[in-house]
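In: Fold the following and give me the result.
(chains A and B)
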Amino acid sequence: MTDSHSGDAFVAFERVQKSYDGETLVVKDLNLSIPKGEFLTMLGPSGSGKTTCLMMLAGFETATHGKILLDGVSINNIPPHKRGIGMVFQNYALFPHMTVAENLSFPLEVRKLGKSDRDAKVKRALDMVQMGAFGGRRPAQLSGGQQQRIALARALVFEPELVLMDEPLGALDKQLREHMQFEITNLAHDLGITTVYVTHDQTEALTMSDRVAVFDDGRIQQIDAPDVLYESPKNSFVAQFIGENNTLHGTIKEIKGELAVVQLEDGELIDCKPVNVSNVGERTLVSIRPERVEFDKSRLKKGTHTVKAEVLEFIYMGDIFRTRLRVAGNDNFVIKSRNAPDQVRLKPGETIEIGWLPEDCRALDAK
Amino acid sequence: MSDATQTGPVLAADGSPLKRSLARTLRRQKLRALLLISPLLVFVLVTFIVPIVSMLFRSVENQIVAHTLPQTVEALQDWNPDAGEPPSEAVFEALYFDMFKAAEAKRHTQVGNRLNYEQPGLSSMFRGTGRDLDDIGEEFEDVFVGIDPAFKTSEFWFELLSGEGGESFLDDRRALYAAMLGESMRGDVGFLPSAEMVSLLPATSAAYTDFAIWTAIEKEDVVAEERPWEAVYAGLGVDLRSPEVVAEIGSYSGPGADILKAAVASRDQLPQASFQEMFAESDEDWLDVEGWRTMSLYSPDYTTGYFLNSVDLQKTIDGVEARPETQQIYIKLFIRTLYMSLIITGACILLGYPVAWILANLPLRTANVLMILVLLPFWTSLLVRTSAWKVLLQQQGVINEILVWLGFVADDGRLVLMNNATGTIIAMTHILLPFMILPLYSVMKTIPPSYLRAAKSLGATNWTAFWRVYFPQSVPGIGAGSILVFILAIGYYITPEIVGGTDGVFISNRIAYHISSSLNWGLAAALGTILLLVVLALYWLYDQIVGIDNVKLGG
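Out: Okay, the predicted model is just below:
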């Protein structure tokens, strides 16, 4: 699962560039290959180029340079309606003047399927999203979640091998969104279809995908499985964009193999794992996940280097405690601890010692 | 809370029924809202409802005949139109006094004009005879003055006819005047008919009372000092023809009894000709039965005549009949108006739809610039635009010159683009186009482009995506635009007038003609009412087929 131009890639972007105005590139040199059956999420802040990529794949935008391959065939010059790609739009785009069943029947009609065939497929698709009883309704008579299901069913009813989803859950409330995330993933895996999913919600990306491509500034910053992405971000953008992250500024003092010594701004020296830093004296951003920081000495490995920290704020969040600390001049250093019976509740003003494993402390570029 | 156990109406906290409590709180708001819209409400009532109601009323109203010639109409009741004879002497006698009174107020020509709509020729008959009425009276006057010079003086007549007990007679005559002139005619007449004279000399008293009312109230002169109308002499002449009157004068001893008796003695000198003969001498058409038939048909206060006329029918003694073919124009005009309005609406859809689509899909900045081009005609005078079309369309006009120059059309075979239906359709399509584009644009603006994308992603070609997904959603705009254009077109008047010639005019042009040229307002009102009903019927039909909820002007 790399970005190499593997022959078995179902969808491939090869050196794709896109510019709208001829002056700036929205997508800069995109290389991506997606194997059959994969659920790939394009994640990134708005303006990062992810939606443009999706639109190029769907055929609504043309690439300024480069090739887009579907099943080994270049689709650059194939109009959208001949690509056979299912698509779920941000606001569902259900046709308001047709009933739910007519909406679903539409792609089958334009493919000139017989009536009985169509009815059977529509029924199957509606049952698949548990909306069998709603065929006669108009989209306006459905709730947001129901419309979402219909949009999904409509994108799948003509059995495409590739489905694109453009922030499909953006308009739903939190609970419904979590439920739908689960349903979409299951459906995609059950049907074995390849899915390209665009979102700016990192939780959604992490929970749903086989792989996540993190976009920024028109480039893929990192493409990896969710756990790899979270635990081993390759640069400081990915580290900060995915999940919560504590950062400490410092300078590389020494690098010995898998270990680097970083001098923090208050002079303290800590051990880190060097990721994309290589030179001594280089500025670096040290990244540590809040849940990997430990303040209970008994839980720390013997000999772990500890740093002094002052408790600024204690926030009770139910399942976890969130404590804000001042560490090496950084007032926004957060640690999370599970709400266990024996867990210590820190008080503001306390001074504590905190520590972490060197491999959880990643020295990244100081961008 | 005892709500569960409570029976009867729900009560508010103070014990009054909740409904009344709610109504009270809402009343203030409703009143305020009503107050806020009241200027508009009054305006709409005054400028919209009242004219329409007045138009509806005018289309059946026919009071002018009965109000101007009340006694004639009453006497005519006994006439049998089928007998083929002109009406009896009583009718002509009544007509003389009615006409004299009307002629003094210059109303007799209006009745003539009204009846002329139904039978050409009656107008000149009324006008001509109106001039002869004085002569008829003078014949009587000369004889009376010859008998006794006192007949010449105003004092004699005033003393002879004034007295007591004639209040109700005065009021009756006053009411007839009021109906004819449409004024109240209230005020002091300075003359009270004598009840004795009213019964002794009915025709004389009636004529003199009319004279008195007219003199005192309209001319604001003193009755006793004015010489009476010639009609008063004629009245006395008529009275003296009756043997009963002659007998009763023998026993009369009031003021002027001697002079009256002298007149009776010499009554053989009075003109002996009947009024029928006198009218016939003035204009022999008065003996024509057709004219009297028309008068009798149009004597009721209300008539269906205008409406029948509007649909090429006419009233005859034998019932409703089709007009002669040469006079049938209105049905043809109505059909042409509807047909051409439909063509114009269709042309506006065909031309306006792509423009609206482009406007709706361009970036806002560009769209606004183009929108100005669409609106520009709106800011130009309608007359100027239509006249510009005249310049373009005429045979020596811009279009023909270019076609000839390009060699598409021979110089002697120039296209006739104006003064026919083609000219009207071209010019009106151009003028009404914005009314199609604007609602279409505002509806298309609300259709997100993602629908088309979705359709294409589902496998639809550009055409299918447009036809199955985009077009149905733009139908409300087409509906709104069509209603606007069609209803405007159906009542259009200036453009057909200028570029329409004879083949391209609409029913509105005919209405305008009757309003301003022929002054047949009743017919114009009837045509207008039919036009209104046709539009309402089409609106209803549209609602049944398309549904008025499907019409969107925007949003």
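In: OK, contacts around B:G187?
Out: B:216-217 (CB atoms under 8 Å, 6 or more residues apart in numbering or on different chains). Every residue, glycine included, has its C-beta placed from N, CA and C.
In: So A:I220: helix, strand or coil?
Out: strand (DSSP: H, G, I helix; E, B strand; the rest coil).
In: where does it land on pLDDT?
Out: With respect to pLDDT, A:I220 scores 92.
In: Could you find the closest non-adjacent residue to it?
Out: Residue nearest to A:I220 in three dimensions, not counting chain neighbours: A:A213, with 4.9 Å by CB to CB, 6 or more residues apart in numbering or on different chains.
In: List the buried residues of stretch A:70-84.
Out: Of all the residues in stretch A:70-84, those buried under the rule 16 or more other CB atoms under 10 Å in any protein chain shown are A:70, A:75, A:80-81, A:83-84.
In: That stretch close to chain B?
Out: Yes: applying CB under 8 Å from any CB of the partner chain, one finds stretch A:70-84 in contact with chain B at A:79-84.
In: Looking at those residues, which one is closest to B:I147?
Out: A:H81 (111.6 Å; CB to CB).
In: so how far does stretch A:227-247 reach from one end to the other?
Out: 20 Å (CA to CA, to the nearest Å).
In: what do you get for stretch A:72-85?
Out: End to end - CA to CA - stretch A:72-85 spans 15 Å.
In: Contacts for stretch B:246-262, please.
Out: Residues contacting stretch B:246-262 (CB under 8 Å, 6+ apart): B:147-148, B:150-151, B:156, B:159-160, B:163, B:194, B:196-197, B:200, B:240, B:264, B:267.
In: CA-only coordinates of that stretch in CSV, if you can.
Out: Extracted in CSV, the C-alpha atoms of stretch B:246-262 (Å, rounded to 0.1, in the frame of the first residue of the first chain):
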residue,chain,number,x,y,z
VAL,B,246,-113.3,72.3,-22.2
ALA,B,247,-116.4,71.5,-20.2
GLU,B,248,-114.6,71.9,-16.9
ILE,B,249,-113.1,75.3,-17.9
GLY,B,250,-116.7,76.5,-18.2
SER,B,251,-117.1,76.2,-14.4
TYR,B,252,-113.7,77.5,-13.6
SER,B,253,-113.5,80.9,-11.9
GLY,B,254,-109.9,81.2,-10.6
PRO,B,255,-107.2,83.6,-11.8
GLY,B,256,-107.2,84.1,-15.6
ALA,B,257,-110.6,82.4,-16.0
ASP,B,258,-111.8,84.9,-18.6
ILE,B,259,-108.7,84.6,-20.8
LEU,B,260,-108.9,80.8,-20.6
LYS,B,261,-112.5,80.9,-21.5
ALA,B,262,-111.7,83.1,-24.5
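In: Averaged pLDDT, that stretch. What do you get?
Out: Rounded mean pLDDT across stretch B:246-262 is 84.
In: now swap in stretch A:291-302 and tell me
Out: Per-residue scores along stretch A:291-302 average to 82.
In: Which positions in that stretch come out as buried?
Out: A:293-295, A:300.
In: Among those residues, which one sits closest to chain B?
Out: Distance to chain B across these (CB to the nearest CB) is lowest for A:V293, with 45.0 Å.
In: List the beta-bridge partners for the closest residue to that closest one other than its chain neighbours.
Out: Leaving out its chain neighbours, the residue that sits closest to A:V293 by CB to CB, 6+ apart is A:I335, at 4.3 Å. Taking DSSP bridges, one finds A:T323 as the beta-bridge partners of A:I335.
In: Give me the pLDDT value at the nearest residue to B:W157 once chain neighbours are set aside.
Out: Spatial nearest neighbour of B:W157, excluding adjacent residues (CB to CB, 6+ apart): B:P228 at 5.0 Å. We have a pLDDT of 90 for B:P228.
In: just to revisit the earlier point, the residue nearest to A:V293 reaches A:I354, doesn't it?
Out: Yes: counting by CB atoms under 8 Å, A:I335 does reach A:I354; the two are 6.9 Å apart.
In: Among the two, which residue is more densely surrounded?
Out: Set side by side, A:I335 and A:I354 show more neighbours around A:I335, with 26 against 21, by other CB atoms under 10 Å in any protein chain shown.
In: any residues in contact with both of A:I335 and A:I354?
Out: Counting by CB under 8 Å, 6+ apart, the residues touching both A:I335 and A:I354 are A:293, A:295, A:325.
In: Save the buried residues of stretch A:291-302 as TSV, and put in secondary structure and distance to A:D21 too.
Out: Output for the buried residues of stretch A:291-302, formatted as TSV (DSSP: H, G, I helix; E, B strand; the rest coil; distance: CB to CB, whole Å):
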residue	secondary structure	distance to A:D21
A:V293	coil	46
A:E294	strand	51
A:F295	coil	52
A:L300	coil	55
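In: Give the closest residue to B:V65 in space, chain neighbours not counted.
Out: B:S299 (5.1 Å).
In: My error: substitute B:G163 in the last question.
Out: B:G163 sits nearest to B:S194 (CB to CB, 6+ apart), 2.3 Å away.
In: got the contact list for that neighbour?
Out: B:161-166, B:205, B:254.
In: Next: A:T284.
Out: Counting by CB under 8 Å, 6+ apart, the residues that A:T284 touches are A:249-252, A:260, A:262, A:272, A:277, A:363-366.
In: what's across from the residue nearest to B:G163 in the sheet?
Out: B:G165.
In: circling back: select only the buried ones of the contacts of B:S194 in ChimeraX?
Out: Selection command for ChimeraX covering only the buried members of the contacts of B:S194, criterion 16+ other CB under 10 Å:
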select /B:161,162,163,166,205
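In: Can you add distance to A:I193 and give the contacts of B:S194 back as a markdown table?
Out: Shown next, in a markdown table, are these (distance: CB to CB, whole Å):
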| residue | distance to A:I193 |
| --- | --- |
| B:L161 | 113 |
| B:S162 | 114 |
| B:G163 | 115 |
| B:E164 | 114 |
| B:G165 | 111 |
| B:G166 | 109 |
| B:S205 | 110 |
| B:G254 | 122 |
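In: Return the member of the contacts of B:S194 nearest to B:H430.
Out: B:S205 (69.0 Å).
In: The residue nearest to B:W157 and chain A: what is the separation?
Out: B:P228 sits 83 Å away from chain A, going by CB to the nearest CB, to the nearest Å.
In: Quick check on that residue: phi, psi?
Out: phi -70, psi 170 (degrees, to the nearest 10).
In: what residues are up against it?
Out: Contacts of B:P228 by CB under 8 Å, 6+ apart are B:154, B:157, B:207-208, B:211.
In: Tell me how many other residues surround the closest residue to chain B within the stretch 201-350 of chain A.
Out: As assessed by CB to the nearest CB, chain B sits closest to A:D201 within the stretch 201-350 of chain A, at 20.1 Å. Other residues near A:D201 come to 16 when the count uses other CB under 10 Å.
In: okay if I get the residues of stretch A:70-84 next to chain B as TSV plus pLDDT and secondary structure?
Out: TSV is the format used below for these (pLDDT from 0 to 100; DSSP: H, G, I helix; E, B strand; the rest coil):
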residue	pLDDT	secondary structure
A:P79	91	coil
A:P80	91	helix
A:H81	90	helix
A:K82	90	helix
A:R83	90	coil
A:G84	89	coil
